[in-house]
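Student: following is a predicted model, sequence given first.
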Amino acid sequence: MLLGIIAGMWAVALVPPYLRNRNERVRDSISSFRQQLSVLERTRPGGLRPMGPMAVRPIPVSASSAMPIGRAEARRRRRDILFTLAGAVGITLLLALMLGGVAILCQLVADALLGGYVYLLVQMRKTEAERTAKVRYLPTKADSPEPALLLHRTAAH
């Protein structure tokens with residue numbers, strides 16, 4: 001009975017902010033999609049004007065299609081997942097201490113999920129650091145020095 005009351009209090013405290021954050025993220029992705037679509041329309045040859053009766057019309061794309069997300073949004077999503085897993089570990093720890101039995105198994109599963117996620121984050125960070133260390137940019141014309149001697153071929157040679 002006491003455990004049900006505690007779980008209900010946690011649900012009342014945690015669920016509304018989680019749902020509000022999730023709804024804001026969906027609205028942000030939709031507005032981002034519309035902004036990217038308007039940029040694409042402006043860069044189309046001929047601008048926004050149709051080019052005759054057989055003009056190519058844009059194909060409607062659903063907002064749920066796979067679109068690349070920005071770094072800040074990806075970082076925010078990873079942070080949210082990490083905090084959610086940490087909260088699950090905390091709640092299952094309390095349940096395991098109070099109830100024991102099956103709650104201990106839930107605690108171990110939550111610990112494994114958090115540990116695996118942290119491991120994946122560390123591997124991703126290492127891969128990114130390795131990639132930045134190995135990337136070498138090619139010199140541009142502005143970076144290359146002027147040749148000291150310029151040879152011209154003519155028909156006389």
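Tutor: Sure, I can see it. Residues are numbered from 1 along each chain as shown.
Student: ok, which stretches of the chain are strands?
Tutor: Using DSSP state E, no strands are found in the chain.
Student: tell me where the model's unsure across the chain.
Tutor: 23-29, 44-68, 139, 141-157 (pLDDT under 70).
Student: which segments of it make up each domain?
Tutor: 6-43, 71-133 (automatic domain parsing).
Student: buried set for the first one?
Tutor: Which is domain 6-43. Applying a neighbour-count criterion of 16 or more other C-beta atoms under 10 Å, one finds residue 33 buried in domain 6-43. In this view, the C-beta of every residue, glycine as well, is placed from N, C-alpha and C.
Student: possible to save the domains of the chain as a markdown table with distance to residue 140?
Tutor: Shown next, in a markdown table, are those (distance: least, C-beta to C-beta, whole Å):
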| stretch | distance to residue 140 |
| --- | --- |
| domain 6-43 | 24 |
| domain 71-133 | 20 |
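Student: longest helix of this protein?
Tutor: For the chain, the helix reaching the highest residue count under DSSP state H is reported as helix 2-43.
Student: what helices or strands is it leaning on?
Tutor: helix 71-99 (3 or more C-beta pairs under 8 Å, 6 or more residues apart in numbering; DSSP states H and E).
Student: by contact count, what packs against the helix it packs on?
Tutor: Using 3+ C-beta pairs under 8 Å, 6+ apart: helix 71-99 touches helix 2-43, helix 102-134.
Student: which one of these lies nearest to residue 70?
Tutor: For those, the distance to residue 70 is smallest for helix 2-43, at 7.8 Å, taking C-beta to C-beta.
Student: tell me what angle the closest one forms with helix 71-99.
Tutor: Helix 2-43 and helix 71-99 are oriented at 170 degrees to each other (axes from the mean of the first three to the mean of the last three C-alpha atoms, to 10 degrees).
Student: from what I see, residue 85 and residue 114 are in contact.
Tutor: Yes - judged on C-beta atoms under 8 Å, residue 85 makes contact with residue 114 at a distance of 4.4 Å.
Student: how much space between residue 98 and residue 36?
Tutor: Distance, residue 98 to residue 36, by C-beta to C-beta, to the nearest Å: 49 Å.
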